[in-house]
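In: Structure for this input, please:
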Amino acid sequence: MPIGRETPTHSELAQLLRGRIERGEIRAGDTLPPITDLMDEYEVSRSTVRSAITQLASEGVVRTAGRKGTIVQPRPERRRIRRSQVVTRSTAGMYVFPAASYADEVWVTHGTPKASHEAAPPVVTDVFELEAGARVLRRRRVMSPEGEPPFQIVDTWLSPQAVEDAPRIAEPSTGPGGYLDRLEEAGHGPIQWTEHTQARMPSSEEARLLEMPTALPVLQIALVGCSGRDNQPLEVTIRVIPADRVELVSELVRDESAAWPREGRQ
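Out: Sure thing, here's the model as predicted:
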């Protein structure tokens with residue numbers, strides 16, 4: 001450490017090590033230098049090194065592997081969600097919404113999809129105008145591209161009115177076209193959707209299902225579907241994705257007022 005420089009705190013040491021990783025000085029799959037080497041190099045205590053490593057591990061930058069030391073984690077591939085705002089149908093007859101995937105990519109479900117009545121989060125009870133903590137039908141899937149770790153949690157919450165009008169949406173198999181076709185057949189078509197996106201910290205359950213650290217934020221994309229009959233909300237589908245695995249891409253379109261060349265100018 002250069003003469004006259006203050007001894008780094010554990011957060012500063014974590015930042016220094018993170019910088020070396022980002023610059024490629026320490027690559028994915030490599031182990032960090034031993035604790036004693038880092039103590040000598042940065043003139044810090046053992047507890048400072050350990051706290052810095054703990055911070056990096058909580059962020060998913062490294063993982064501890066016992067006698068093998070501390071291993072640098074590979075950076076997850078970022079997938080693009082293109083905000084085309086276009087809803088289509090697949091060849092299998094299912095509605096397809098803008099998603100974090102590439103063309104021709106095969107996605108799979110981890111574990112068994114579940115349909116059960118659960119205590120709904122505030123975003124759901126607010127939309128359905130229910131009491132806080134009300135139990136609502138939830139259909140849950142944990143998904144990823146084929147051969148990859150869990151990428152996103154997809155929770156579809158269905159209103160009591162939706163279940164009353166289309167009871168089959170509470171069954172494990174909802175039939176061709178899925179629960180949305182059952183709702184539209186019950187007189188709610190065409191359903192219209194509004195999308196709400198926000199960043200937040202994950203719950204411990206979400207972090208466990210997505211195999212991610214709790215210190216990293218997630219991107220929450222909530223799709224609210226309203227009945228074509230009375231415009232009342234029927235479903236809230238919430239996708240939860242680790243924020244370091246995805247980016248939003250939107251194409252900007254010029255309004256007539258922004259046309260070029262400007263009127264009256266050459």
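In: so the nearest residue to residue 38 once chain neighbours are set aside, which of the three states?
Out: Of all residues not flanking residue 38 in the chain, residue 49 sits nearest, at 4.8 Å (Cβ to Cβ, 6 or more residues apart in numbering). C-beta coordinates here come from the backbone N, C-alpha and C atoms, glycine included. Judged by DSSP: H, G, I helix; E, B strand; the rest coil, the three-state class of residue 49 is helix.
In: For residue 49, list the residues it contacts.
Out: Residues near residue 49 by Cβ atoms under 8 Å, 6 or more residues apart in numbering: 10, 13, 35, 38-39, 42.
In: run the last query once more with 10 Å
Out: By Cβ atoms under 10 Å, 6 or more residues apart in numbering, the contact list for residue 49 reads 10, 13-14, 17, 32-39, 41-42, 70.
In: domain ranges for the chain?
Out: As given by automatic domain parsing, the domain ranges for the chain are 10-72, 79-249.
In: got those domains as TSV, with distance to residue 257 and mean pLDDT columns?
Out: Listed next are these as TSV, based on distance: least, Cβ to Cβ, whole Å; pLDDT from 0 to 100:
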stretch	distance to residue 257	mean pLDDT
domain 10-72	42	88
domain 79-249	21	90
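In: nearest to residue 256, of those?
Out: Within the domains of the chain, the stretch nearest residue 256 is domain 79-249; the backing value is 19.6 Å (Cβ to Cβ).
In: and that closest one, how far out from the chain's middle?
Out: How far domain 79-249 lies from its chain's middle: 12 Å, per Cα atoms, centre = their mean, to the nearest Å.
In: For residue 199, pull up the helix or strand it's in.
Out: Per DSSP states H and E, residue 199 falls inside strand 192-200.
In: going on from that strand, what's the next piece of helix or strand?
Out: Sequence-wise, the next helix or strand downstream of strand 192-200 (DSSP H and E) is helix 204-210.
In: Give me the contact list for that next one.
Out: Residues beyond helix 204-210 that count as contacts (Cβ under 10 Å, 6+ apart) turn out to be 60, 110-111, 140, 142, 144, 149-153, 155, 200-203, 212-216, 218, 220, 240-242, 245.
In: of all the contacts of residue 49, which two lie farthest apart?
Out: Checking those with Cβ to Cβ, the most distant pair is 14 and 36, at 17.8 Å.
In: Of these two, which one has the most company?
Out: In this view residue 14 and residue 36 are compared by other Cβ atoms under 10 Å, and residue 14 has more residues nearby, 24 against 10.
In: Where does that one sit: helix, strand or coil?
Out: From three-state DSSP, the assignment for residue 14 is helix.
In: Do you have the helices of this structure handy? List them.
Out: Assigned by DSSP state H, the helices in the chain fall at 10-22, 35-42, 46-58, 122-128, 160-165, 178-183, 204-210.
In: Of all these, which one comes closest to residue 74?
Out: In terms of Cβ to Cβ, the element of the helices of the chain nearest to residue 74 is helix 10-22, at 10.7 Å.
In: which among the contacts of helix 204-210 end up buried?
Out: Listed as buried from those are 60, 110, 140, 142, 144, 150-153, 155, 202, 212-213, 216, 218, 220, 240-242, 245; burial here means 16 or more other Cβ atoms under 10 Å.
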